[in-house]
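Colleague: Quick one: sequence and predicted model below, then my questions.
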Amino acid sequence: MQASVLAGPQAMLAAAADVADVGSAINDASAAAAGPTTGVLEAAADEVSASVTALFNSYAREYQALIKQAAAFHGTFARLLAAAGNAYAATDAAASKALAGPLTGGEPIPVGISLIMGPTDIPTPTPRYLNEVYRLYISPNFTTTNLQVLTTPNQLFPITGLRSMTLDQSVRQGLAILDKAILQAYDDGITPINVFGYSQSAVVASLEMPKLVAAGIPSPDVNFVLVGDPMNPNGGMFTRFPGLGLPHLGGMYSGGTPSNDYPTVIYTGEYDGFADFPRYPIDVLADVNALMGVLYVHNLYPTFTDAQLASAVELPTSGPTMTTYYMIPTENLPLLEPLRAIPVIGNPIADLLQPDLRYLINWGYGDPAYGYSTGPANVVTPFGFLPPHSATVALQHDLVIGTQQGIADAAADLRAEGFPTLFTVKR
């Protein structure tokens, strides 16, 4: 259920005032964080202490410069918004009541067969892949002893080679293969049929759903488990940027994975750039972190631990749906993973920066407390321009807390490695 609201000039001016407050909040946060982050002292007159201290202070100065630029931008934006003056169409509002997915809390459903596809660059899944994805993602929801590998192209020019198919070509062929396999199993009476898709094959599975509806295949006879889905309604890269064309790569797919066609479970890793892209791309830190998440999150679903899956959060939905959505928390920011690879000082520096960076990155998702959009998971949600005012105001307090947490975490890392604390903070 949606509603359309019209806002007149007074609402425009009120919005301009709110945006101006955003700039004030950023300035306040900058002032609050300036002392603790730029006052790092050397602990000893040795090269390691001097280098680490210089690095900390360099990061702090760059951070202050970035915050000043953000404040200037918001001031300009507020003036332009106030000058607009005329009425404009505001936003749609989604229904607030969330309904639990049909598979939540119940026993796994027995199925006749599970058709398992691989991700991009893995056309034929290996036995190890087969066993891991079944154990981690399929068996908690659907059980069977009949696991069937489905070979699909899973190519993406030029990433998988200069002679590879484009995304469109690869998905089109994969869709034909999956459709044939499902209809064959259905005609043979091997039902219910489970389909597992990962990354590109999750796109294939998503596009297959309306084809099955058109063919008259009833919903109890087919179900899906998807991971790292680029068509994830609220977070998938294809749904964040509807209609974005990449002609040389084969284009992208508009629309999200259908949420009410067939029983479906979708797992997403937090900060996976293909399946959990920031809602507000104006947050460049969030964008870069999401792109790093393609490497450090999106590629790792078959290797996630039982503990990671156990920590998955069921996301809220809106209206009728047959899909259950899970977000798997990511402990460390992908953006900082290369830094953590540096011996000795990598982890302490990363842990020093991570709390504040996490808040700043999460701002791009609409709430500094979460690395994903907290709106209904089954509602297709394209990108927006500016996060909510409340999210920006929250940064003022969060950044102060994050600075203190980062210092404590870095000191704990150094003590765990057998080093004395290398720095103190000016009081």
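Modeller: Noted; the coordinates are in hand.
Colleague: could you measure G112 against T317, distance?
Modeller: Per CB to CB, to the nearest Å, G112 is found 28 Å from T317. Backbone N, C-alpha and C define where each C-beta goes, glycine included.
Colleague: What of R340?
Modeller: From R340 to T317 the distance is 35 Å (CB to CB).
Colleague: And for F142?
Modeller: Following CB to CB, the distance that separates F142 from T317 is 20 Å.
Colleague: Pick out whichever of G112 and T317 has more residues nearby.
Modeller: Higher neighbour count among G112 and T317: T317, with 26 against 16, using other CB atoms under 10 Å.
Colleague: what comes up buried for the helix or strand harbouring A176?
Modeller: Assigned by DSSP states H and E, A176 belongs to helix 167-187. For helix 167-187, the neighbour count (16 or more other CB atoms under 10 Å) marks 167-168, 170-171, 173-175, 177-179, 181-182, 185-186 as buried.
Colleague: with the residues you listed in mind, which one is nearest to P387?
Modeller: L167 (30.1 Å; CB to CB).
Colleague: tell me the SS of P125?
Modeller: Here P125 is recorded as coil under DSSP: H, G, I helix; E, B strand; the rest coil.
Colleague: switch to numbering from 48
Modeller: All set: I'll call the first residue 48, so the last point we hit is now P172.
Colleague: Ignoring the adjacent residues along the chain, who's closest to it?
Modeller: Nearest residue to P172 in three dimensions, chain neighbours excluded: G165, at 4.2 Å (CB to CB, 6 or more residues apart in numbering).
Colleague: The one you found contacts T171, correct?
Modeller: Yes: assessed by CB atoms under 8 Å, G165 is found in contact with T171 at 6.8 Å.
Colleague: who has more neighbours, these two?
Modeller: Ranked by neighbour count (other CB under 10 Å), G165 and T171 place G165 first, with 25 against 12.
Colleague: residues in contact with the more buried one?
Modeller: 171-172, 176, 199, 201, 245, 248 (CB atoms under 8 Å, 6 or more residues apart in numbering).
Colleague: Mind checking which of those are buried?
Modeller: Buried, going by 16+ other CB under 10 Å: 172, 176, 199, 201, 245, 248, out of the contacts of G165.
Colleague: Where does the prediction get shaky in the stretch 148-297 of the chain?
Modeller: Low-confidence segments of the stretch 148-297 of the chain (pLDDT under 70): 148-152, 292-297.
Colleague: all strands for it, in order.
Modeller: 156-157, 160-163, 189-190, 194-196, 240-245, 269-274 (DSSP state E, counting those that start in this stretch).
Colleague: ok, residues contacting the second one?
Modeller: Outside strand 160-163, the residues within contact range by CB under 8 Å, 6+ apart are 172, 177, 180-181, 185, 189, 191, 193-197, 225, 228-229, 232, 237, 240-243.
Colleague: swap the cut-off to 10 Å and go again
Modeller: Residues from elsewhere that reach strand 160-163 (CB atoms under 10 Å, 6 or more residues apart in numbering): 172, 176-177, 180-181, 184-186, 189-197, 224-225, 228-229, 232, 235, 237-245, 248, 252, 269-272.
Colleague: Thank you, goodbye.
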